[in-house]
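Chemist: quick check, what structure comes out for this input:
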Amino acid sequence: MSWLMVVGFCFQIKRTVFAVDASGAYVVDVTAMSTAYLPLQEAYIHRIKHVQESGIVPGLREEFVVIGENEVNDGLILSLKAIEFDLAWERCRQLQAEDAVVKGKIVKGNKGGLVAEVEGLKGFVPFSQISTG
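Modeler: The predicted structure is shown next:
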């Protein structure tokens with residue numbers, strides 16, 4: 001049984017990136033037994049093709065969230081996207097509390113409404129809630 005499963009929650013660690021490749025980034029030894037890995041899909045809240053697009057470069061010291069364990073080599077799997085999602089939700093809660101008007105980008109639509117993106121988060125807006133004026 002994995003010690004991550006026993007703990008039952010994610011935690012943050014601050015570590016340094018030492019290498020990047022086409023599919024992600026390698027982070028300085030976290031568990032003293034193996035290297036941690038940041039997959040491309042966990043590097044940024046938006047879709048990117050290379051981790052460098054999110055500012056991940058060798059030598060960068062960053063706060064990561066441990067989201068799992070690679071069973072093949074006992075290394076940890078890290079995420080930056082999880083931190084960015086938490087921050088985006090917090091910003092949206094703050095905007096809602098302030099009753100602020102926000103601008104979003106329409107990313108797709110269907111017969112019932114539109115999908116809009118605000119602060120990197122996607123949400124459905126039914127046509128009944130959309131004004132043409």
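Chemist: looks to me like residue 73 is in a helix.
Modeler: No: looking at residue 73 with DSSP: H, G, I helix; E, B strand; the rest coil, it is coil, so not inside a helix.
Chemist: distance of it relative to residue 26?
Modeler: 12 Å (Cβ to Cβ, to the nearest Å). Every residue, glycine included, has its C-beta placed from N, CA and C.
Chemist: also residue 68?
Modeler: Per Cβ to Cβ, residue 68 is found 16 Å from residue 26.
Chemist: ok so, going back, which one of residue 73 and residue 26 is surrounded by more residues?
Modeler: Here residue 73 and residue 26 are set side by side on neighbour count (other Cβ atoms under 10 Å), and the busier one is residue 26, at 17 against 10.
Chemist: my guess is that one meets residue 39, correct?
Modeler: No: using Cβ atoms under 8 Å, residue 26 makes no contact with residue 39, being 10.9 Å away.
Chemist: tell me the centre residue of the chain?
Modeler: In the chain, the centroid-proximal residue (Cα atoms, centre = their mean) is residue 81; its distance is 1.0 Å.
Chemist: how close does that one get to residue 60?
Modeler: With Cβ to Cβ as the criterion, residue 81 and residue 60 are 16 Å apart.
Chemist: distance of the residue nearest to the residue nearest to the centre of the chain when sequence neighbours are not counted from residue 54?
Modeler: Using Cβ to Cβ, 6 or more residues apart in numbering and skipping the chain neighbours, the partner closest in space to residue 81 is residue 42 (5.0 Å). Distance, residue 42 to residue 54, using Cβ to Cβ: 10 Å.
Chemist: which neighbours do those two share?
Modeler: Common neighbours of residue 42 and residue 54, counting by Cβ atoms under 8 Å, 6 or more residues apart in numbering, are residue 80.
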